[in-house]
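**Q** Here you go, sequence then predicted model.
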Amino acid sequence: MGDNPNLQNAPGAIPRRVFAELDSTNEEARRLARQGEAGPVWLLGLRQTGGRGRRGREWTSPEGNLYATLLLRPGMGPGAAALYSFVACLAVADLLDRAAPGAEVALKWPNDALLNGGKVAGVLLESEGDGRAVHWLAVGIGVNLASAPPRAPDAAFPPIAAAEVAPPPSPEQALDILAEAWDRWDALYRAEGFAPIRAAFLARAARIGEIIEARLPQETIRGLFADLDEDGRLVLDTGETRRRISAADVFFP
Ligand code: BTN
């Protein structure tokens, strides 16, 4: 799929491959993993024809934005590997601080980044394993650098691009910044576990201490965003009880 991969030396520790066009960098990561690629490796697509978001949504992927996936073999169980979505969000926040100086950058549980209140980036984790160990993990990251898609009817937030704040970096430059930030946050996660990642995420979390709404398949829970627990679950204080939520779409009423 896609053009010939251009092997490049990244400034960070992890090598990268750049593709002019791909169906999806996450799909390429899956193919490579199934072919035995050991990773870690960054895959950068300059365009995607089948970009995907969470819950099977499409991720519109014209040229100018960042579409990157880190393929790795984390050597962890599914719970610990899933927490890499928070590591990725922190690296994205560092990228946005540089790409959109002076703008308000916030993280929305579990894996979105907001710029001046609009959705600017999302993270999609995909993996395969045997239930006890994760064999490979694809950390897919999309950042609206040059352009934002039109707002989808069910979107919780208006899309925004970094270009609305400042002239944006190219995708290659953005990956330089992202990969360097990833290396720092990943080193911290591996050395000290989830506690400092959780604290850093909470420090940048949108609407902490305020009323938010978590939409689950069977119910909608409204409550005070009280915490993120040690397993990365959203803790909502409903007034009657504390609910710990593993997966939901979050809205700010
Ligand atoms: C979301 O917010 O729904 C997550 C969006 C993730 C998009 C990125 S772009 C790079 C990687 N390849 C994909 O097909 N999806 C992720």
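**A** Looks like it arrived, so ask away. Residues are numbered from 1 along each chain as shown.
**Q** Assign a three-state SS to A187, would you?
**A** What DSSP: H, G, I helix; E, B strand; the rest coil gives for A187 is helix.
**Q** Report pLDDT for E28.
**A** At E28, the pLDDT value in this model is 98.
**Q** would it count as being in a helix?
**A** Yes. Membership of E28 in a helix is supported by three-state DSSP.
**Q** OK, contacts around the closest residue to the ligand within the stretch 1-150 of the chain?
**A** Closest to the ligand within the stretch 1-150 of the chain is G122: 2.0 Å, counting by C-beta to the nearest ligand atom. C-beta coordinates here come from the backbone N, C-alpha and C atoms, glycine included. Each residue near G122 by C-beta atoms under 8 Å, 6 or more residues apart in numbering is listed here: 53-54, 59, 111-113, 141-142.
**Q** Need the three-state assignment for A113.
**A** strand.
**Q** OK, contacts around it?
**A** Contacts of A113 by C-beta under 8 Å, 6+ apart are 89, 92-93, 96, 105-107, 119-122, 143.
**Q** before we move on, the earlier item: out of the contacts of G122, flag the one nearest to G77.
**A** G77 lies nearest to N111 out of those, by C-beta to C-beta, at 19.2 Å.
**Q** Run a quick neighbour tally on that closest one.
**A** By the measure other C-beta atoms under 10 Å, the count of residues near N111 is 22.
**Q** from memory it sits against S85, does it?
**A** Yes. Between N111 and S85 there is a contact under C-beta atoms under 8 Å: 4.4 Å.
**Q** what touches both of these two?
**A** Common neighbours of N111 and S85 (C-beta under 8 Å, 6+ apart) are 123, 125.
**Q** ok, now which ones touch E172?
**A** Neighbouring residues of E172 by C-beta under 8 Å, 6+ apart: 18, 44.
**Q** again with P159
**A** P159 touches 118-120, 144, 148-151, counting by C-beta under 8 Å, 6+ apart.
**Q** Tabulate those residues (CSV), appending distance to Q35 and secondary structure.
**A** Putting these into CSV (distance: C-beta to C-beta, whole Å; DSSP: H, G, I helix; E, B strand; the rest coil) gives the following:
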residue, distance to Q35, secondary structure
G118, 38, strand
K119, 33, strand
V120, 33, strand
N144, 31, coil
A148, 34, coil
P149, 32, coil
P150, 36, coil
R151, 38, coil
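**Q** Show the residue spans covered by the helices in the stretch 101-250 of the chain.
**A** Ranges of helices in the stretch 101-250 of the chain, per DSSP state H, counting those that start in this stretch, are 171-192, 194-203.
**Q** now the angle between helix 194-203 and the first one, please.
**A** Between helix 171-192 and helix 194-203, the angle formed by their directions is 130 degrees, by axes from the mean of the first three to the mean of the last three C-alpha atoms, to 10 degrees.
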